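> Return atomic coordinates for the entry below.
(chains A, B, C and D)
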There are 2 protein chains.
Amino acid sequence: MNTAAKSLFRELSISCKDCGLGELCIPRDLNQVDIDRLDDSVSHTLLLHTGEILYKQDSPFESLYAVKSGSVKISTSQEGGGDTVMGIYLPGEIIGFDGLSSEHHQCTVSALETSSLCEIFLDDLQKNIPTIFKQLLKHASKSINQTTDVFSANKLSAEKRLVLFLLDLSKRYQQRGYVHTEFNLLLTRSELGDLLDLTPETVSRGLRKLERNGLIAIQNLRYIKIIDLDGLGALVDIEK
Amino acid sequence: MNTAAKSLFRELSISCKDCGLGELCIPRDLNQVDIDRLDDSVSHTLLLHTGEILYKQDSPFESLYAVKSGSVKISTSQEGGGDTVMGIYLPGEIIGFDGLSSEHHQCTVSALETSSLCEIFLDDLQKNIPTIFKQLLKHASKSINQTTDVFSANKLSAEKRLVLFLLDLSKRYQQRGYVHTEFNLLLTRSELGDLLDLTPETVSRGLRKLERNGLIAIQNLRYIKIIDLDGLGALVDIEK
DNA sequence: CGTTACGTTGATAGGAATCAATGAGGGTGG
DNA sequence: CCACCCTCATTGATTCCTATCAACGTAACG
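Down below sits the predicted model:
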């Protein structure tokens, strides 16, 4: 499960200004000169295969990373021994903030599928383009707000938590221009349980119930097709 | 409950270099020149009385704030109507990150007791002392890690969640040079329930049980005296 | 084709929510 | 100063949801 090595492959090094993510990533409100400077502070050459680890809990903080394609999961090791999945990150999202305050990462990040990332050299960035720090703070802020959502969700019923997760994923895929009515969960029932604070059994029951009620279709266990988006929304909107 | 007005009183304007918080706040690793520049980017004149609101959910983002003395709570309005307390902040901690990503605050912040705060003008700061942004990112990072803790706590039993909360508060008071064996909870049972994802009844039962077992003493409902710190620690350390 | 991890389904038990009643404190107005 | 109200807190009885335990099915892989 723990492929400790970090794979570094050269690939076509797409510069920030040609990157398809555009405004989803950092280059919001930046002029052309600054985008060129951004390029100088970023390495575009990180490729991770499924299961490979970007950084481990307790390892010293080195850089922030932007997800360019694919997806990664962020998890923490528990005292009991097992891992707990805390979230997944999609293209355009920036990870690594967990390591800033103590200079050591509080979480482990690994690839859920073949993924490419950009490494952001914080000190270079500060030198090259100091006006960008507000942008970075915004991304950090988004991370906070994301956990805020998890926070308010965790007093809901198992079914609602599942629905909220599906709707959140759907929305994030849509923002990135992917189909938002069908996607791969990328997580096992057990990992999903970590994330939503449920047991794998309860996750399974919940998903199958949504399927029985004609709201979703489950294909190959992990691949979800949303059939009745409004119906899902109704499950979490009505009755507080 | 909602004293909408924000009180602005002049008080003796202590500069950052004379502030008792020192390293707990921003001025870590800063030289004298930069601390003077920091002073120019910060207003030291904010005073809030109990219940007064610093900023409201959905209000436009203006500044970050550092808690100088006292304490504030951060909460979000739920669809159902009520508020949910998400955390409390003590001197040296920086708040406002919740508003950065969308330019509008995702939370409401109000004073739990008479408190003084510093307003941090982000744009001035960027102009005056660009090297500071890593410091700010660290504070944002700390906010993230804080929610991380909440996250991993929420699958524990009611009693353990209560104990963890008490120990966390004790540690934070200690870091700030206060007595760490007795302090005011500042929150009602209901607010504590929001924070720990429990009902007020369960909070009450839990605290009274800790009292019966001789681990804590409850004085005036909100004022807690920790009698057996090791005993509390044992409750959360043993058996996963 | 066995081994292993993952997933499903059922039965049961336990912990916290809920419902309900009472008590305690604080503020207000008569 | 007291009666009243309102919020907060406590305590008990009951219900309900989800974890737990257990068995079995399924898919991937060497």
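> For chain A, which residues are neighbours of chain B?
A:76, A:78-80, A:84, A:86, A:97-102, A:106-107, A:122, A:126, A:130-131, A:133-134, A:136-145, A:147-148, A:150-152, A:154-155, A:197, A:237, A:240 (CB under 8 Å from any CB of the partner chain). (Glycine included, C-beta is placed from N, CA and C.)
> Pretty sure A:Thr45 sits in a strand.
Yes. Counting by DSSP: H, G, I helix; E, B strand; the rest coil, A:Thr45 is part of a strand.
> What's the ChimeraX line that selects buried ones from the residues of chain A next to chain B?
Buried subset of the residues of chain A next to chain B, written as a ChimeraX selection, criterion 16 or more other CB atoms under 10 Å in any protein chain shown:
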select /A:76,84,86,97,98,99,100,101,106,107,122,126,131,133,134,136,137,138,139,140,141,142,143,144,145,147,148,150,151,152,154,155,197
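> could you pull out the strands for chain A?
In chain A, the segments counted as strands under DSSP state E are A:42-48, A:53-55, A:64-69, A:72-77, A:83-89, A:94-95, A:108-111, A:115-120, A:182-184, A:216-219, A:223-226.
> Adding mean pLDDT, write the ones you listed out as CSV.
Converted to CSV, the strands of chain A look like this (pLDDT from 0 to 100):
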stretch, mean pLDDT
strand A:42-48, 88
strand A:53-55, 94
strand A:64-69, 93
strand A:72-77, 89
strand A:83-89, 87
strand A:94-95, 93
strand A:108-111, 94
strand A:115-120, 93
strand A:182-184, 93
strand A:216-219, 95
strand A:223-226, 95
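> got the contact list for A:Phe133?
A:126, B:126, B:130, B:133, B:136-137 (CB atoms under 8 Å, 6 or more residues apart in numbering or on different chains).
> let's see 6 Å
B:Phe133 (CB atoms under 6 Å, 6 or more residues apart in numbering or on different chains).
> tell me which parts of chain A are close to DNA strand C?
Selection of chain A residues close to DNA strand C by CB under 7 Å from any atom of the strand yields A:188-190, A:200-201, A:203-205, A:207-208, A:218, A:221-222.
> which ones among those are found in helices?
A:189-190, A:200-201, A:203-205, A:207-208 (DSSP state H).
> Just the buried subset of those residues, written out for PyMOL, thanks.
To isolate the buried members of these in PyMOL, using 16+ other CB under 10 Å:
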select buried, chain A and resi 189+190+203+204+205+207
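> Which pair of the ones in helices among the residues of chain A next to DNA strand C spans the longest distance?
A:Ser190 and A:Arg208 (15.7 Å; CB to CB).
> Is the lengthiest helix in chain A positioned near DNA strand D?
Looking across chain A with DSSP H, the single longest helix is helix A:133-153. No. Applying CB under 7 Å from any atom of the strand, one finds helix A:133-153 separated from DNA strand D by no less than 11.4 Å.
> Leaving out the residues flanking it, which one is nearest to A:Pro94?
No, residue A:94 isn't Pro; it's Ile. Nearest non-adjacent residue to A:Ile94, counting by CB to CB, 6 or more residues apart in numbering or on different chains: A:His139, 4.4 Å away.
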